[in-house]
Structures are given as C-alpha cells and as structure tokens.
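J.: My questions are about this predicted structure, shown below with the sequence.
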Amino acid sequence: MIEETEVSRAIVENAVKDFLDCLEVDVAIAGGGPSGLVAARYLAESGAKVALFERKLSLGGGMWGGGMMYPKIVVQKEARCILDDFGINYQKEGEQYIASSIESVAKLVSNAVDSGARLFNCISVEDVLIREEVVNGFVLNWSTVDVAGLHVDPLAIKARYCVDATGHPLEVCSIVCRKVGKLNTPSGGIMGERSMWADVSERLVVENTGEVYPGLYVSGMAANAVYGSPRMGPIFGGMLLSGKKAAELITKRL
Ligand code: 48H
C-alpha cells in the first residue's frame, strides 16, 4: 500500500531537514560546475561541513556539453591525478588525456556526495552576507522565483568561507564588487574574461584561484574572469586543479 501523503511528508520533511542542517556551514559554494564540485569533495573529505548551491536542475555546469556538444573533454597531464582520484576513465591522446564529459560529470557529482558535501539544486545565490568587510554567508532563493520574475524575499545561510564557482558570469564576485567596491584584483574591480588562449589560460586559472575579497574565494572560470585572463575552451584540467587549490587554501584556514 503506497500512501501518497506519506510520500509527500517524507520528501518535504527530509528536504527541509537537510536545508536547516546547512544554515551554518564551514564552506558555502556557489555553482556546481567542475571547479565547485571538486572543491566540495576535497573540502568535505578534509572534515569541513560544506554546502554547494546550484542554480540549475542538474549539476555539472559547462562540462556536460564537452566541446561544441561533442561529449568529450580534454585534460592535461598535470590534472590526470584528479581523474584518477575521481575514478574517471580516460585515454591518452598525444600529450593530453580525453574522457567522456557525461561520465566526468556523473563521477564528479557522485564523489562530492560520497565525501559528505551537501548539494542543493534549483537554488540561486542572489546576494551575500557581509559583516565588518568579510563575506560570511549567502543569500539564497529558489531559481524559479527569478525565472518567473516573482517578488519573493530570500533566505540566508552563514559560512566561515564562501566560494564563487559560478563560471563565466562570476556572479558572486559581481555582487560583492557592485555592493562593496574593491576586490583583491590589480584594478580593484572585475577585469573581465579575455579571448581564447588555452595554454596561458590553463596556467592562470590555477594561479588566479584564491581569496578575492575577505572571506570570498574564487575558483574555475570565474577566477580567470575576475583577473582579466583568457578562456581556454573545452580543456578541463585547469577547472579540476583550481577546485582542488581552492579546497587546499580554505582547508588551511579552517
Ligand atoms: C547558484 C549558479 C549561480 C548562482 C551560476 O560554468 P561552470 O561549469 O563553472 P566552472 O568554473 O566550474 O567550469 C567552467 C567550465 O565549465 C567552462 O565553462 C569552461 C572550461 N569554459 C571555457 C571556455 O572557453 O568557454 O559551472 C558554474 C555553475 C553552473 O552550473 C551555473 O548554473 C551555476 O554555477 N551558477 N549557481 N547561484 N548565482 N550562477
């Protein structure tokens, strides 16, 4: 006998319990693309309480589509250890490695879940909490509220550290820059993403990963966009290494 109201109760009670359990976390991550998922796994594995908020229904960000919808990604040798760590299969192609974009996303998500990171979909980060010039939380709303253009006030969660892993639009950095002014970039503002130059971009995305405003770290494509570095196309080693670096930097602070 399946009682529909029992199904409803189980879903709502458990989802609310999960959300309430994440009102105060060590690290809150905006964006469930490759850099955010890698950061989530390594942080959770090191013992941090981590919540990741993804705007869309599915996690994985820009990785699903591989290159121009050919569902393959390329990863350079420096990041091969991360493919191994996540159990992602690959083949050697010249100097690089090639993997299925679909398998890669599935394994990034499953590793993040298994590490104990809490993943929330359909929730957008629309603002931050700032206390004494330190970012210490996210202001959240259902993504559907924005899509429907509804005027619904958000809710907030607190975090010791926050990560902007929102990719090309670098949404959290943009909010902080707009509302409080100066970021930790040479110009003090958002320097903007440059045209494709894979080799340089893959090196810079790791270098650019770091604390861009007190309490706020930036990883992945957002790191290159905030520091005025080029894009790289469908090579994903830098995204994986950037997520790992963000996790290592934050772990040292916790
Ligand atoms: C909650 C949000 C919000 C928000 C956005 O774009 P992503 O895959 O980001 P990265 O940096 O992990 O990976 C970048 C890579 O996919 C890519 O685009 C590359 C390599 N491009 C190279 C090139 O030349 O084009 O994921 C970001 C995620 C997405 O899933 C968004 O839906 C989500 O963040 N997101 N989630 N609140 N405000 N904004």
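T.: Happy to help now that I have it. Residues are numbered from 1 along each chain as shown.

J.: Can you give me the neighbour number for residue 93?
T.: Residue 93 has 10 neighbouring residues, counting by other CB atoms under 10 Å. Quick note: C-beta positions are derived from backbone N, CA and C, even for glycine.

J.: That one - nearest residue in space that isn't next to it in sequence?
T.: residue 74 (7.3 Å; CB to CB, 6 or more residues apart in numbering).

J.: in stretch 54-70, what counts as buried?
T.: The neighbour-count check on stretch 54-70 (16 or more other CB atoms under 10 Å) flags 54-55, 59-64, 66 as buried.

J.: Give me the pLDDT for the residue nearest to residue 93.
T.: At residue 74, the predicted lDDT confidence score is 98.

J.: can you pull the contacts of the residue nearest the centre of the chain?
T.: Geometric centre of the chain, nearest residue: residue 36, 2.4 Å, by CA atoms, centre = their mean. With contact taken as CB atoms under 8 Å, 6 or more residues apart in numbering, residue 36 is in contact with 29-30, 52, 54, 61, 163, 165, 219-220, 243.

J.: Recalculate using a threshold of 10 Å.
T.: 29-30, 52-54, 59-61, 108, 112, 117, 119, 163-167, 219-220, 222, 239, 242-243, 246 (CB atoms under 10 Å, 6 or more residues apart in numbering).

J.: do residue 233 as well
T.: Shown in contact with residue 233 (CB under 10 Å, 6+ apart): 67-68, 74, 196-198, 201-202.

J.: Going by residue numbers, what spans are strands in this protein?
T.: Ranges of strands within the chain are 24-30, 50-53, 72-75, 91-93, 96-100, 118-120, 123-131, 134-142, 155-164, 210-213, 216-218, based on DSSP state E.

J.: Output those in JSON lines; the columns should cover distance to the ligand.
T.: Shown next, in JSON lines, are those (distance: least, CB to the nearest ligand atom, whole Å):
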{"stretch": "strand 24-30", "distance to the ligand": "5"}
{"stretch": "strand 50-53", "distance to the ligand": "5"}
{"stretch": "strand 72-75", "distance to the ligand": "9"}
{"stretch": "strand 91-93", "distance to the ligand": "18"}
{"stretch": "strand 96-100", "distance to the ligand": "14"}
{"stretch": "strand 118-120", "distance to the ligand": "9"}
{"stretch": "strand 123-131", "distance to the ligand": "4"}
{"stretch": "strand 134-142", "distance to the ligand": "8"}
{"stretch": "strand 155-164", "distance to the ligand": "9"}
{"stretch": "strand 210-213", "distance to the ligand": "14"}
{"stretch": "strand 216-218", "distance to the ligand": "9"}
